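1. let's see this in three dimensions:
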Amino acid sequence: MEVLGIIPARGGSKGIKRKNISSLGGKPLIQYTIDACLKSKYLSNFIVSTDDEEIAIISRKCGADVPFIRPKEISGDNSSSFSVVKHAAEYFNKKCEVKYDAYMLLQPTTPFREASLIDDSIIKLKENPSATAVISIVNVEGNHPYRMYTLNDKEHIKSLMDGNYNPMEPRQNLPDIYIRSGDIYLTTFHTIFEQHSLIGVSPVGIRIDPKKAINIDTQIDLELAKVILKRDK
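-> Predicted coordinates:
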């Protein structure tokens, strides 16, 4: 199976300025994802897709290929991850005449993803030929839907979920519920070009350790990542 890894890293960021090259443990944030790709056994190739020349320079220094500068029209705040993956796929299909079996979106905002997760995801897709994608998921643990509420204009709360359950149930007694972690989106060629989706109609989940499930969107997330990195060292 031929798999292209795609690291999306646009220059603009609202939560943290220049987020993708922010310093974490003395390295630019994007380097953690690049390093994981370099250590992978099963990625056929990987690239950084960016609209920013500085990010391109740093990415190349870290060992990544940056074959193009991403067009501005798919690099804005509202641009979808799907558009980034499809653009990279079309670039290789048309300009390089290389067709990959699957494409793996690897967001640099999840720095604790390991190469083993990349490889295990590829193995999982091989073992599930009917799957449209493999998506990394993490247990919501205490942030469970049974404990969630809506709030009306009078600040009265109402349980989000309907049904016969006890919202005060201890966490360990609640049914397992998962949310996408953001670490891995591994999507087949047909899902991209026929279903026009990163997930498709029949995705398979791959669970990750909640202790490693940090997605850096805000300054608080970045500070938490620094604490975790220091602890692990």
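
2. only C-alpha atoms from now on, for both contacts and neighbour counts.
-> OK.

3. so who does the residue located most distally from the centre of the chain touch?
-> Within the chain, the residue lying farthest from the chain centre (Cα atoms, centre = their mean) is residue 154, at 37.6 Å. Counting by Cα atoms under 8 Å, 6 or more residues apart in numbering, residue 154 touches no other residue.

4. so for it, what's the pLDDT?
-> pLDDT for residue 154: 92.

5. quick check: buried residues in stretch 159-177?
-> residue 174 (16 or more other Cα atoms under 10 Å).

6. mind listing what the residue lying closest to residue 213 once chain neighbours are set aside touches?
-> Spatial nearest neighbour of residue 213, excluding adjacent residues (Cα to Cα, 6 or more residues apart in numbering): residue 181 at 6.2 Å. By Cα under 8 Å, 6+ apart, the contact list for residue 181 reads 136-138, 208, 213-215.

7. before we move on, which element is residue 181 in?
-> In this assignment (DSSP states H and E), residue 181 forms part of strand 178-188.

8. that strand pairs with which strands, and in what direction?
-> Sheet partners assigned to strand 178-188 using DSSP bridges are listed as strand 102-105 (antiparallel), strand 133-139 (antiparallel).

9. so can I have JSON lines of these showing mean neighbour count and mean pLDDT?
-> Formatted as JSON lines, the strands paired with strand 178-188 follow (neighbours: other Cα atoms under 10 Å; pLDDT from 0 to 100):
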{"stretch": "strand 102-105", "mean neighbour count": "25", "mean pLDDT": "98"}
{"stretch": "strand 133-139", "mean neighbour count": "24", "mean pLDDT": "97"}
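
10. could you save those as TSV and add columns showing distance to residue 42?
-> Formatted as TSV, the strands paired with strand 178-188 follow (distance: least, Cα to Cα, whole Å):
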stretch	distance to residue 42
strand 102-105	11
strand 133-139	15
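
11. can you pull the contacts of the spatially most central residue of the chain?
-> By Cα atoms, centre = their mean, the chain has its centre lying nearest to residue 182, at 3.1 Å. Residues near residue 182 by Cα under 8 Å, 6+ apart: 106-107, 110, 136-137, 215.

12. is the residue farthest from the centre of the chain in a helix, a strand, or coil?
-> Following DSSP: H, G, I helix; E, B strand; the rest coil, residue 154 is assigned to coil.

13. and residue 63, by the same measure?
-> coil.

14. state the distance from it to residue 131.
-> 31 Å (Cα to Cα, to the nearest Å).

15. tell me which of the two has more neighbours.
-> Applying other Cα atoms under 10 Å to residue 63 and residue 131 shows that residue 131 carries more neighbours, namely 20 against 14.

16. so residue 46: helix, strand or coil?
-> strand.

17. for it, which non-adjacent residue is spatially closest?
-> Nearest non-adjacent residue to residue 46 (Cα to Cα, 6+ apart): residue 5, at 4.1 Å.

18. list the residues that contact that neighbour.
-> Going by Cα under 8 Å, 6+ apart, residue 5 touches 37, 43-47, 103-106.
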